[in-house]
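K.L.:
here is a sequence together with a model predicted from it:
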Amino acid sequence: MKRKGIALLITIGLVATITALLTVSTGILDNSFKRISNKLFFFFFNVFFKDFMTILNQSTNEVNSSDTLDIFLMIPISFAPEQQEISFDVSFVSDASKVNINRMLSTDANVTELEARHEPIPIKVVYESYLDHILSVYNVSDKILLLAMIADSVDSDLEERVAGSEIALRNPLFSQGNIYNLKHFKQVLEAYVRETLDYSVFKIPWHDLIGFQNERVDFNHISKEVLYHTAPELQDNIALYTTERIEVYDSLDTVPVEASTKENFEELGVTFYSPNVRGTMRVVSGDNTIEMAFSYNLKTKEVSHIEITD
């Protein structure tokens, strides 16, 4: 309870600090927004975002554990001062709740030898099993082709794993070597549908199943969809470990799963605290609205993968 109390005080202090500093910033920006075009609104938003990140860097030093992270993620930060035509809000979620699709290829393979033999880098068994389970549950008609298309998009060569799996051979503008986000991943799905006319892949909740930047999967923030496809023995009580979780888990020894599941978790890079969070910031002034998503590392204070969202 003491740790929870300290965590709560830390987070309340964080929100209070940010709100106080934003009071000054939004007052200045509000007067500017009334007189500027959309282009200048975007410029001032960038300045506002930079100032907010400076505040965040100075205020989150104590958010460094599963307990403090839990409370930090629970409290949305918003500010809408009276008599001003501006509102601001930002919320955070863990950026380590899903399986990173870009880590699906073996790191033990000798790439030079494979290239000499014109063979692709093998897929890690645990990733192949994970994706195969998902595709089976949703009755995808050609699992082999889709799995090959995903892997051929992650690797940087042009060697087809199966006929038709190398999208870059048909579409030279397709970027491969890494799948950057869900929008990019949907290009793979669309290419698969063009080959098979199997629209079942669009029914899969990919946004809850795969990530694109996270190095590890934080078990304390794992999505229920990921847990469903990785730990069959927990399927009857998934909510207790995800949406209804109360306690913080600190090791695989505290999770009631079989030895084989523990091995799979280890291969998937499951951890019990990840400092990586994903933020969404929205600023509204009159008819002008900008929303931005970004990744943030609470430990290194680094910002990455900034996207203006629709």
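P.N.:
Cool, the structure landed.
K.L.:
contacts, neighbours, all on C-alpha from now
P.N.:
OK.
K.L.:
what ranges do the strands span in this structure?
P.N.:
Secondary structure of the chain by DSSP state E: the strands cover 77-79, 87-94, 99-100, 210-211, 217-218, 270-271, 276-285, 288-297, 303-308.
K.L.:
and the contacts of the last one?
P.N.:
This means strand 303-308. Applying Cα atoms under 8 Å, 6 or more residues apart in numbering, the external contacts of strand 303-308 come out as 290, 291, 292, 293, 294, 295, 296, 297.
K.L.:
neighbouring strands - and their directions - for that strand?
P.N.:
Sheet pairing of strand 303-308 (DSSP bridges) gives strand 288-297 (antiparallel).
K.L.:
so which of the strands of the chain is nearest residue 50?
P.N.:
Ranking those by proximity to residue 50 (Cα to Cα) places strand 303-308 first, at 10.2 Å.
K.L.:
pull out the buried positions in that closest one.
P.N.:
residue 303 (16 or more other Cα atoms under 10 Å).
K.L.:
that strand to strand 276-285, inter-axis angle?
P.N.:
For strand 303-308 against strand 276-285, the angle by axes from the mean of the first three to the mean of the last three Cα atoms, to 10 degrees is 40 degrees.
K.L.:
C-alpha coordinates for strand 303-308, PDB please?
P.N.:
The C-alpha trace of strand 303-308 is given here as PDB (Å, rounded to 0.1, in the frame of the first residue of the first chain):
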ATOM      1  CA  VAL A 303      10.300  10.800 -28.400                       C
ATOM      2  CA  SER A 304       9.900   8.800 -31.600                       C
ATOM      3  CA  HIS A 305       7.400   7.600 -34.200                       C
ATOM      4  CA  ILE A 306       5.400  10.900 -34.300                       C
ATOM      5  CA  GLU A 307       2.300  10.700 -36.500                       C
ATOM      6  CA  ILE A 308      -0.400  13.200 -37.200                       C
END
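K.L.:
mind pulling up the pLDDT for residue 142?
P.N.:
Note on residue 142: pLDDT of 98.
K.L.:
from residue 234, how far out is it?
P.N.:
Distance from residue 142 to residue 234, counting by Cα to Cα, to the nearest Å: 28 Å.
K.L.:
which one's more surrounded, the two?
P.N.:
The neighbour comparison of residue 142 against residue 234 (other Cα atoms under 10 Å) goes to residue 234, with 18 against 14.
K.L.:
so how far is residue 214 from the more buried one?
P.N.:
Distance of residue 234 to residue 214, computed by Cα to Cα: 24 Å.
K.L.:
between the contacts of strand 303-308, which is nearest residue 254?
P.N.:
Looking across these and measuring by Cα to Cα, the closest to residue 254 is residue 297, at 26.2 Å.
K.L.:
need the contact list for that closest one.
P.N.:
Residues in contact with residue 297 (Cα under 8 Å, 6+ apart) are 275, 276, 277, 303.
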